[in-house]
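Peer 1: Provide a 3D model corresponding to the input given below.
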Amino acid sequence: MKIYFDIIFWILISTILILIFGISTSNFVHAFYFASFFIPIVIATSWVFNKVLIPKYLLKKRYSKFILYTFYTLVVSLNLEMTLVFVALLLLGFYDSSNIKSLIANFRLMPVIMYLIVFISGFISLVWQYFQMQQNQEMRGKEQNGNLIVRANRQNKKIKYSSILYIESMADYVRIFISSGENVITRENISNIVDKLPNNFLRIHRSYVINLEQIESYTKEYITINGNKLPISRTYRNKVNEIIY
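Peer 2: Sure thing, here's the model as predicted:
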């Protein structure tokens, strides 16, 4: 649903800008031409800012990396934008060299407005993600001493979070290892299970989720729980290192 909203949002923004600049310059063709050049870079910049920099660095209070990578993103984005502007003016100048100055004057504000929209949408995204994160933390905090309810053997089974050692994915099934020695198998996706777990659970591999309170020992390659060595995959290694070390 979110991706459809983004698509509709940028189509709407592009249409509005084309209408505004088309009406002000009396040339909808040039307005469409410049918007078509600018919008891909602006969308890519917005995606990096909203989907990567904010959730991965700003919301996790890694401020120095957020500032550094934001600066890099803007430098790359602006350089690409200026290159496209230069190419667009060359192409238009080839067909209508007498209007180059008026084109520069008429459309110089379009990229500025587009980047302003990126920062406004980024601020809205930041506020939205922050409140979502707070709600998730509150919900998981309430569940911390609660139970995980899964469907097993044609009945709903209640498992205390504190009794779970680790969880293993087996294609369409999930096996839950419990401290009592019992294994509960449920037909569910591991990602859905993860969404139900409190903060003391951590995914270390596409096939494993562990209870941090049950760790016996660990290295950078594996974690030992109840005598079982569980591998840490490259995909989750950085996150695991941030939390455990």
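Peer 1: pull the longest helix from the protein.
Peer 2: helix 109-143 (DSSP state H).
Peer 1: CA atoms of whichever helix or strand comes after that one as CSV?
Peer 2: Moving toward the C-terminus from helix 109-143, the next helix or strand (DSSP states H and E) is strand 147-152. Listed next in CSV are the C-alpha coordinates belonging to strand 147-152 (Å, rounded to 0.1, in the frame of the first residue of the first chain):
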residue,chain,number,x,y,z
ASN,A,147,2.6,-14.8,25.9
LEU,A,148,3.0,-15.7,22.3
ILE,A,149,-0.1,-17.4,20.9
VAL,A,150,0.4,-19.7,17.9
ARG,A,151,-1.7,-22.3,16.2
ALA,A,152,-0.3,-25.8,16.7
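Peer 1: circling back to that earlier point, go through the longest helix of the chain and flag the buried ones.
Peer 2: Neighbour-count burial for helix 109-143 flags 110-111, 113-115, 117-118, 121-122, 125-126, 129, 140 (criterion: 16 or more other CB atoms under 10 Å). In short, each C-beta sits where N, CA and C put it, glycine included.
Peer 1: before we move on, what about stretch 11-27?
Peer 2: For stretch 11-27, by 16+ other CB under 10 Å, it's 13, 14, 17, 18, 21, 22, 25, 27.
Peer 1: mind putting these in TSV, pLDDT included?
Peer 2: Output for the buried residues of stretch 11-27, formatted as TSV (pLDDT from 0 to 100):
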residue	pLDDT
13	87
14	86
17	86
18	87
21	84
22	84
25	78
27	80
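Peer 1: tell me the two of these that are most distant?
Peer 2: 13 and 27 (19.6 Å; CB to CB).
Peer 1: that older thread, in helices, which of the buried residues of stretch 11-27 fall?
Peer 2: 13, 14, 17, 18, 21, 22, 25.
Peer 1: turn the residues you listed into TSV, including distance to residue 72.
Peer 2: Listed next are these as TSV, based on distance: CB to CB, whole Å:
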residue	distance to residue 72
13	24
14	26
17	26
18	30
21	30
22	34
25	34
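Peer 1: now, among those, which is nearest to residue 64?
Peer 2: residue 13 (31.6 Å).
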